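In: Predicted structure and sequence below. I'll ask about it afterward.
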Amino acid sequence: MVYIVMRWWYPSHKQEEVAKVFQSLENPTGSVGETTVFAYTGSEKGIVGMIFTKVTGEKVGEALADAATILNNYGKIEGYEGNIEVWGDLTEVPET
């Protein structure tokens, strides 16, 4: 199984702007796959968050496009940064 991982960070004082964008989205965690983790924390740099979405191999491209669309909605918020990564689930690697 494959995970699409969205990570983002933004200054704490931008929380209200981020919340408005989040609430305006139809599928704020994505519409492809199953969201297994949606977490955030505070740090010295502000707010840090992550979403892990489990997808099948055939849906990786679609899930990446979906994640990019989601993060793009936050693009006008000053100081907001994000990235998207593809992670593999090693518990599902077949033994040889």
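Out: All right, it came through fine. Numbering: from 1, shown residues only.
In: Quick one: name whatever helix or strand follows whichever strand or helix holds Val21.
Out: Val21 is located in helix 15-24, with elements delineated by DSSP states H and E. Per DSSP H and E, helix 15-24 leads on to strand 34-43 as the next helix or strand towards the C-terminus.
In: if you skip the residues just before and after it, what's nearest to Thr41?
Out: Val48 (5.6 Å; C-beta to C-beta, 6 or more residues apart in numbering). Placement of C-beta: from N, CA and C, glycine included.
In: what about that neighbour, distance to Ala67?
Out: 17 Å (C-beta to C-beta, to the nearest Å).
In: who has more neighbours, the two?
Out: Ala67 (24 against 14; other C-beta atoms under 10 Å).
In: so that one sits right up against Ile4, yeah?
Out: Yes: contact criterion C-beta atoms under 8 Å: Ala67 and Ile4 qualify, at 5.4 Å.
In: what's the overlap in contacts for those two?
Out: Jointly contacting Ala67 and Ile4 under the rule C-beta atoms under 8 Å, 6 or more residues apart in numbering are Gly30, Thr53, Ile84.
In: Next, the angle from the helix or strand containing the second one to strand 34-43.
Out: Mapping Thr53 onto the secondary structure by DSSP H and E places it in strand 46-55. With axes from the mean of the first three to the mean of the last three C-alpha atoms, to 10 degrees applied, the angle from strand 46-55 to strand 34-43 works out at 170 degrees.
In: Quick check: chain neighbours aside, which residue is closest to Glu85?
Out: Nearest one to Glu85, counting by C-beta to C-beta, 6+ apart, is Val5 at 4.6 Å.
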